[in-house]
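**Q** attaching a predicted model along with its sequence, questions to come.
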Amino acid sequence: MNIIILFKFYLADSKLFRRHKNLKNITYSLK
């Protein structure tokens, strides 16, 4: 059960990280 919860957290983290990278790229291109 713990492994499944950790995996869910990992997936959510990777999604947030990708979104953060995209936001960084967008703000960088706007400058």
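**A** Looks like it came in fine.

**Q** alpha carbons only for contacts and neighbour counts from here, please
**A** Fine.

**Q** what about K8, which SS state?
**A** helix (DSSP: H, G, I helix; E, B strand; the rest coil).

**Q** and for the one 10 residues further on?
**A** Judged by three-state DSSP, the three-state class of R18 is helix.

**Q** burial count for it?
**A** A count of nearby residues for R18, using other C-alpha atoms under 10 Å, gives 12.

**Q** next: L16.
**A** Counted with other C-alpha under 10 Å, L16 comes out at 12.

**Q** remind me which residues of this structure are low pLDDT?
**A** 1, 31 (pLDDT under 70).

**Q** ok, I3 - contacts?
**A** By C-alpha atoms under 8 Å, 6 or more residues apart in numbering, no residues touch I3.

**Q** from F9, how far off is it?
**A** Using C-alpha to C-alpha, to the nearest Å, we find I3 at a distance of 10 Å from F9.

**Q** what does N2 give?
**A** From N2 to F9 the distance is 11 Å (C-alpha to C-alpha).

**Q** counting neighbours, go ahead and name the busier of the two.
**A** Shown here are N2 and F9; by other C-alpha under 10 Å, F9 has more neighbours (12 against 7).

**Q** H20 versus the more buried one, what's the distance?
**A** 16 Å.

**Q** equivalent analysis for L30, please.
**A** From L30 to H20 the distance is 15 Å (C-alpha to C-alpha).

**Q** which one's more surrounded, those two?
**A** Per other C-alpha under 10 Å, whichever of L30 and H20 has more neighbours is H20, with 12 against 7.

**Q** and the gap between the more buried one and T27?
**A** In terms of C-alpha to C-alpha, H20 sits 11 Å off from T27.

**Q** and what of I3?
**A** 36 Å.

**Q** do the same with I5
**A** 33 Å.

**Q** might you report the residue contacts of N22?
**A** Contacts of N22 (C-alpha under 8 Å, 6+ apart): none.

**Q** which SSE is it in?
**A** Using DSSP states H and E, N22 sits within helix 2-30.
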